[in-house]
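Student: heads up, no residue letters with this:
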């Protein structure tokens, strides 16, 4: 069965600082991994996804994530935080054997301080 | 904008009632999935439809049911509402037939409150 753990339900950074949001997954087969962002009272927007083409995945708004099989991790980073990055971030996993159903982590609320 | 719309935006029901939530997928997207997001939690998979047939179901009771129509619209029906059904309900559409790497595009959600 697939599962996702997001370490840190709340992360606070200063504007211009590095953003690091942690995600570890569990999967019995090669996974597909996703990061979504959710702004207040809105749906989910895809930031990036890993589908085995390249371990370093670049997404929108300057975010990127690196797939590390040995660590079963897919951490999300951004070199310099902007105030507009404040939102909830969800890591999700899917497997070919379970179709495109996504299993989400509990989410990480990112606060950006001026 | 993902091109996925949902209605209504908000809904208030009382325990025991029935509710129908609606979703309009992107044109050409044959797969639609529904998720329940309780406050402060990640979304949980309810079920998925591909070309009007159920194509997978999560750990939700049978009182959660769905329909998908040929015009890329779909419905989530919940019978005998319980207080714990209060949540944001998200639908997501995808182009493929439900393969693991398919990107799902989410709508803005319907906020259901059960009193």
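Tutor: That came through, no problem. As the structure is a prediction and not an experimental result, all values here were calculated from the model. Numbers count the residues shown, from 1 in each chain, chains lettered A, B, ... in the order given.

Student: center of chain A - which residue?
Tutor: residue A:35 (3.5 Å; C-alpha atoms, centre = their mean).

Student: Report the beta-bridge partners for that one.
Tutor: Assessed by DSSP bridges, residue A:35 has beta-bridge partners residue A:48, residue A:91.

Student: same check, this time on residue B:110
Tutor: When assigned by DSSP bridges, residue B:110 has beta-bridge partners residue B:89.

Student: Residue B:6 is in contact with that one, correct?
Tutor: Yes: here residue B:110 reaches residue B:6: they are 5.2 Å apart, a contact under C-beta atoms under 8 Å. In this view, the C-beta of every residue, glycine as well, is placed from N, C-alpha and C.

Student: shared neighbours of these two, anything?
Tutor: Counting by C-beta atoms under 8 Å, 6 or more residues apart in numbering or on different chains, the shared contacts of residue B:110 and residue B:6 are B:21, B:89.

Student: Now do the buried residues in the helix or strand where residue B:76 lies.
Tutor: Assignment of secondary structure by DSSP states H and E places residue B:76 within strand B:73-78. Neighbour counts over strand B:73-78 (16 or more other C-beta atoms under 10 Å in any protein chain shown) mark B:74-76, B:78 as buried.

Student: Spatially, which two of those residues are the most separated?
Tutor: B:74 and B:78 (13.9 Å; C-beta to C-beta).

Student: Which part of chain B gets nearest to chain A, residue-wise?
Tutor: residue B:42 (3.4 Å; C-beta to the nearest C-beta).

Student: can you tell me which residues contact that residue?
Tutor: By C-beta under 8 Å, 6+ apart, the contact list for residue B:42 reads A:4, A:90, A:92, A:104-107.

Student: ok, now residue A:37?
Tutor: By C-beta under 8 Å, 6+ apart, the residues touching residue A:37 are A:44-45, A:47, A:87-90.

Student: Could you identify which of those has the most neighbours?
Tutor: residue A:44 (30 neighbours; other C-beta atoms under 10 Å in any protein chain shown).

Student: Spatially nearest residue to the spatially most central residue of chain B, not counting backbone neighbours?
Tutor: Centroid-nearest residue in chain B: residue B:34, 2.9 Å away (criterion: C-alpha atoms, centre = their mean). Excluding the flanking residues, the one nearest residue B:34 by C-beta to C-beta, 6 or more residues apart in numbering or on different chains is residue B:46, at 4.3 Å.

Student: now residue A:14
Tutor: Counting by C-beta to C-beta, 6+ apart, residue A:14 lies nearest to residue A:113, which is 5.1 Å off, once chain neighbours are set aside.

Student: Look at the one you found and report its pLDDT.
Tutor: pLDDT recorded at residue A:113 is 96.

Student: Tell me how far it lies from chain B.
Tutor: From residue A:113 across to chain B, the span is 22 Å (C-beta to the nearest C-beta, to the nearest Å).
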